[in-house]
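Visitor: quick one: sequence and predicted model below, then my questions.
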Amino acid sequence: MDIKQLIIAIIILFIVPLLGLLFFLRLRKRIINMKIIHPPILAIFTIFITYGGFLIVALTTFFMEWSGAASLGTFYLIFGAPIAMSFIAYKNYKYRQISKYHKLTYSLALFYFVLATLTLLMI
């Protein structure tokens, strides 16, 4: 592995997830400070994992060699994520009027199906 591939791997497999985690923690702190009723923190974390996994699989496809980890991520995105996103959308439907975070959580859970469908059509 040359230095360029190593840098790409570090960015995709370490820096991107770290930035996502830091952004989630910042958002979580903001939601807790606002004292929102029924905060959708676990749902937002699941959404971050799902969209982050989607981003990592896409970046791996374009810039790295395919790996077993990429296959596991793809397996989750095809079989696990639709179940998780359906559950999140269902549970947040009645709370979507409480705050912008609830509405965004509901919308992002539904948007996953649009994104997944467009991705499958592009393949």
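Guide: Looks like it arrived, so ask away. Residues are numbered from 1 along each chain as shown.
Visitor: list the contacts for the residue positioned nearest the centre of the chain?
Guide: The centroid of the chain falls nearest to residue 51 when counting by CA atoms, centre = their mean (2.3 Å). With contact taken as CB atoms under 8 Å, 6 or more residues apart in numbering, residue 51 is in contact with 108, 112. (Each C-beta comes from the backbone N, C-alpha and C, glycine too.)
Visitor: let's go with 10 Å and repeat that
Guide: Counting by CB atoms under 10 Å, 6 or more residues apart in numbering, residue 51 makes contact with 20, 77, 81, 85, 108, 111-112, 115.
Visitor: for residue 57, same thing?
Guide: Counting by CB under 10 Å, 6+ apart, residue 57 makes contact with 12, 66, 69-74, 76-77, 119.
Visitor: do the same with residue 23
Guide: Residue 23 touches 48, 52, counting by CB under 10 Å, 6+ apart.
Visitor: host element of it?
Guide: Here residue 23 sits within helix 16-33, counting by DSSP states H and E.
Visitor: compute the inter-axis angle for whatever helix or strand comes next after that helix and helix 16-33.
Guide: Next in sequence after helix 16-33, counting helices and strands by DSSP H and E, comes helix 41-63. Angular relation of helix 41-63 and helix 16-33 on a 0 to 180 degree scale: 160 degrees, by axes from the mean of the first three to the mean of the last three CA atoms, to 10 degrees.
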